Every structure is written in C-alpha cells, then in structure tokens.
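1. no letters, just coordinates:
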C-alpha cells in the first residue's frame, strides 16, 4: 500500500511539474495569423493615418490602409479581446500577404522580442478599441512604444478606432480611473477626478501634434467634455491654444501623407480650434471657455490639416458659459 501511495505521489508531482513548465513557457502575449506564414519583403508603403470614431467599423478605411501598405502584412494590436479583425480585414484586403492580431496585455508582453519583431515586420498597424488606460498602463515607455514610433517615422500607415483613436493624438484622454467622464460632469467641473490626460504616449504622428482626439461623439454626447479637455490641456501648460478632432460612430477620417483629410462612413468629423485661453478653468467651478472655432465635415468635404482649413463643410463657433454650451448655429446645436 505504501509503495502505491508513493508512486501516486510521484505521479502527482510529475504532473504538477510538467504543468508548471508548460505555464512558464506560455508567452505573455497571444498571436493569431492568417494568410501567408512568411512575412512580405521589399514592400513600398505610403504614410497615412485613420482615425475611426467607434461603433461599426468602416470598410473603406481598411481598404485604404491596405492600399497604402502595398498589400503587405497587416497587424492588429490590442490589450484585450480576440482575433475577430483577422477574417474581416482579410476579406476587405484579399491581396494582402497576411493579417495578424497581437494581444499585448502587460508591460512584460510589450517588451517581448517576438512582439517587437511583429511590429517591425508589419506594413500596416491597427490599434483596436477597448480601454485606452490599458494602452497607457501596459505600453508606455516600453520597447513596443518605441517600435511604434519608429515605424510611424518610417512611413507605414497606422490607424485606430475608439480607444485606438484616442492614443493616436499628442494629447490623450487616458481614462485611468476606468470610468468615462460625461459632458455634463466635465462642464460642471473640468477638474473632475475622472478627467485624466496624458502627453507621454505621443506617437509623433504627423499632423496630430497639438491635438486631442475623441470618439463616439454624437452618439454619447461628448462635445462638452472635449471643451473641458482643451481647458485642462491649457491648465497643464502643455499648449496655450490646443485643438481637437472628434469623430462620431461609423465614421473615419483618412489623413494622407500631405495632411489632406477625407471622411468615410455615415456621420461627421469635427475639428475644434481654440482662439483664446479659457476664462474660467477652475476646480469645482463650471467651465467658461469662449469662441472655439468648429468645422463640421462629412463625406462631401475635405480638410487640410497642414493649414487647418476645410472645404465643403460647415463652420460655426462654440462656447461654454458657466457650464452651458452655446452654439452659433441657427438651430443652436453644438453638433
């Protein structure tokens, strides 16, 4: 009986040991790839940026990115989620060499050699939606962060939706407290604890310096909070006259290598430019911030980001007065 007990104990120990070894060998990331298993080579890419406002993805934006990538290897990066983008993008870009998804959920993963290799081999990179605080917490000041900046500088196309859009601009609503601030809360108190901003993740994307981005604009009524973000950027001393690009759902802004932007999708993109410093930007005090120039654009128009001027859109002015939005549009709508 004792021999059998010892043998049983040894088997359990062996099983636990093998399980521990297997767990130890599991990489800190998840990687899924379809298409050609061998990376494309000698591909000529063209610089471009896609800012997508969340909700249903815009097919045209991915087709545009694939063309800019030279039909090379398309990489989706995210901190959580699945590989659902793979089949979707492959269907839109049937001539592409491959589509892959990297799930990078930790600092350890963001410093992994394989992850950096995948970033360096990609001809297009897409940052999925989710929670941008994960991107700030897990990716900032890592090898992944440096590799992304290097690839953008080299001229590969990059894009993102929702949280992925948020981290494309120089200034970022980081949402570090895991609760999204509403326009009502932000206008009542632009120093609400849930307004957390970042300027260290900056990917140095051309034409997006001096700008903060936001998504789900009309659907979630976010114009008011965007004015509060601009007030806080000023208060931090980051920039006296910051700007914002805010995008509604099912809509994407396509920015080419010269800074010429067009809209794809069903709704609008809004370009906000401050013209003066905020009058009242204080803790526990409603926001007063006047004369923000707004340019609303849909698929009928274009916007020159290099010179901050649009065509075939609508221009109006927006102010926050004692926490209330005031619009110069005939219908008085901030949108």
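-> Thanks, I have the structure now. Bear in mind the structure is a predicted one, so any value in this text is a computation, not a measurement.

2. okay but residue 129 is in contact with residue 54, surely?
-> Yes: here residue 129 lies in contact with residue 54, judged by C-beta atoms under 8 Å, at a distance of 6.0 Å. Using the backbone N, CA and C atoms, a C-beta is placed for each residue, glycine as well.

3. which one of these two has more residues nearby?
-> residue 54 (23 against 20; other C-beta atoms under 10 Å).

4. quick check, the more buried one in a helix?
-> No: secondary structure of residue 54, determined by DSSP: H, G, I helix; E, B strand; the rest coil: coil, with no helix assignment.

5. now it: how far from residue 125?
-> According to C-beta to C-beta, to the nearest Å, residue 54 stands 18 Å off from residue 125.

6. same thing with residue 160?
-> For residue 160, the distance to residue 125 equals 9 Å [C-beta to C-beta].

7. could you do residue 257 as well?
-> Distance, residue 257 to residue 125, by C-beta to C-beta: 16 Å.

8. please say which of the two ends up with more neighbours.
-> Ranked by neighbour count (other C-beta under 10 Å), residue 257 and residue 125 place residue 125 first, with 25 against 14.

9. tell me where the stretch 151-300 of the chain has strands.
-> Counting by DSSP state E, counting those that start in this stretch, the stretch 151-300 of the chain has strands at residues 158-161, 172-173, 197-198, 211-214, 243-247, 251-256, 260-265, 269-273, 289-297.

10. could I get the ones you listed in TSV, plus columns for mean pLDDT, distance to residue 231 and mean neighbour count?
-> Output for the strands of the stretch 151-300 of the chain, formatted as TSV (pLDDT from 0 to 100; distance: least, C-beta to C-beta, whole Å; neighbours: other C-beta atoms under 10 Å):
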stretch	mean pLDDT	distance to residue 231	mean neighbour count
strand 158-161	98	25	26
strand 172-173	98	13	27
strand 197-198	98	11	19
strand 211-214	98	11	25
strand 243-247	98	11	26
strand 251-256	98	23	24
strand 260-265	98	25	21
strand 269-273	98	12	23
strand 289-297	98	5	19
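
11. same list, those strands, but as CSV with distance to residue 91 please.
-> Below are those laid out as CSV (distance: least, C-beta to C-beta, whole Å):
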stretch, distance to residue 91
strand 158-161, 17
strand 172-173, 31
strand 197-198, 35
strand 211-214, 27
strand 243-247, 24
strand 251-256, 17
strand 260-265, 17
strand 269-273, 26
strand 289-297, 28
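
12. tell me where the stretch 1-150 of the chain has strands.
-> 30-35, 48-52, 73-78, 98-103, 124-127.

13. in terms of secondary structure, what does the shortest one contact?
-> Here strand 124-127 touches helix 59-68, strand 73-78, strand 158-161, helix 163-166, going by 3 or more C-beta pairs under 8 Å, 6 or more residues apart in numbering; DSSP states H and E.

14. let me have these in CSV, adding distance to residue 261 as columns.
-> CSV is the format used below for those (distance: least, C-beta to C-beta, whole Å):
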stretch, distance to residue 261
helix 59-68, 12
strand 73-78, 22
strand 158-161, 13
helix 163-166, 14
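
15. figure out which of those is closest to residue 245.
-> helix 163-166 (8.8 Å; C-beta to C-beta).

16. got the buried residues for the closest one?
-> Under the neighbour-count criterion of 16 or more other C-beta atoms under 10 Å, helix 163-166 has 163-166 buried.

17. for residue 121, give its distance to residue 265.
-> 30 Å.

18. and residue 45, by the same measure?
-> Using C-beta to C-beta, residue 45 is found at 24 Å from residue 265.

19. try residue 36
-> Taking C-beta to C-beta, one finds residue 36 at 30 Å from residue 265.

20. over to residue 273?
-> Separation of residue 273 from residue 265 (C-beta to C-beta): 23 Å.

21. then residue 107?
-> Taking C-beta to C-beta as the measure, residue 107 falls 34 Å from residue 265.

22. which non-adjacent residue is nearest residue 267?
-> Once flanking residues are discounted, residue 267 sits nearest to residue 248: 3.8 Å by C-beta to C-beta, 6 or more residues apart in numbering.

23. let me know how buried the one you found is, in neighbour terms.
-> Using other C-beta under 10 Å: residue 248 sits among 23 other residues.

24. how close does it get to residue 231?
-> Counting by C-beta to C-beta, the gap from residue 248 to residue 231 is 22 Å.
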